[in-house]
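A.B. asks: Build me a structure from this.
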Amino acid sequence: MVDFLADNNACGQNLLRLVSRGNAVIAELLRLADVVPAVFRLENKSDQLKYGDVLCDFSYFQMADTYDNKIESSPQLQDRDEEFRENYIEILTRFYLAFESVHKYMLDLNRYLEELDEGVYIQQTIESVLLIEDGKQLLCEALYLCGVMLLVVDQKIEGSVRERMLVSYYRYRYQ
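C.D. replies: Residues are numbered from 1 along each chain as shown. This is a model prediction of the structure:
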């Protein structure tokens with residue numbers, strides 16, 4: 001039987017790459033968690049007054065026209081919105097790409113498991129991978145990494161902050 005992690009074993013190599021990528025995503029999430037711009041928390045009164053009208057949560061998607069019209073009708077809000085865009089678009093992009101990486105990791109893990117189930121990897125099934133020591137370790141680790149990613153995002157970056165970041169990224173990138 002061929003070594004599970006051999007270069008010519010696509011099943012093992014794909015799982016190894018997936019786990020490696022999962023660890024990289026977690027590392028990036030932890031780096032970003034330490035540099036969340038305080039303005040997205042809207043904790044102090046000055047941030048609330050200055051940016052409260054340009055930072056939106058997911059309710060923006062239900063009333064996008066209302067929010068956009070409010071900003072467009074006020075030169076002060078337009079300036080503040082443009083200033084905010086210039087100051088934060090780079091960090092917003094990094095956060096968005098990290099969140100997207102979590103989603104892509106989950107999709108890729110599901111696809112890998114489906115491929116195992118469908119017989120894409122000749123002579124390999126989920127059961128046979130779990131019988132191999134390296135396969136068992138990597139498959140468990142891949143699933144474990146999903147949970148760690150979700151916990152890191154949930155515990156290190158508050159939900160309201162994530163919402164404001166995602167809505168800001170959407171507004172500045174796609175409008």
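
A.B. asks: C-alpha only now, for contacts and for neighbours.
C.D. replies: OK.

A.B. asks: Identify the residue nearest the geometric centre of the chain.
C.D. replies: residue 99 (1.1 Å; Cα atoms, centre = their mean).

A.B. asks: which strands and helices sit next to the helix or strand hosting that residue?
C.D. replies: Residue 99 belongs to helix 75-118 when elements are defined using DSSP states H and E. Judged by 3 or more Cα pairs under 8 Å, 6 or more residues apart in numbering; DSSP states H and E, helix 75-118 is in contact with helix 10-33, helix 64-72, helix 126-131, helix 133-156, helix 159-174.

A.B. asks: okay, the angle between it and helix 64-72?
C.D. replies: 140 degrees (axes from the mean of the first three to the mean of the last three Cα atoms, to 10 degrees).

A.B. asks: next one: helix 75-118 to chain centre, how far?
C.D. replies: Chain-centre distance of helix 75-118: 5 Å, with Cα atoms, centre = their mean, to the nearest Å.

A.B. asks: Now do the buried residues in the helix or strand bottoming out on mean pLDDT in the chain.
C.D. replies: Lowest by mean pLDDT, DSSP states H and E among the helices and strands of the chain is helix 45-51, with a mean of 89. Neighbour-count burial for helix 45-51, counted by 16 or more other Cα atoms under 10 Å, picks out 48, 50, 51.
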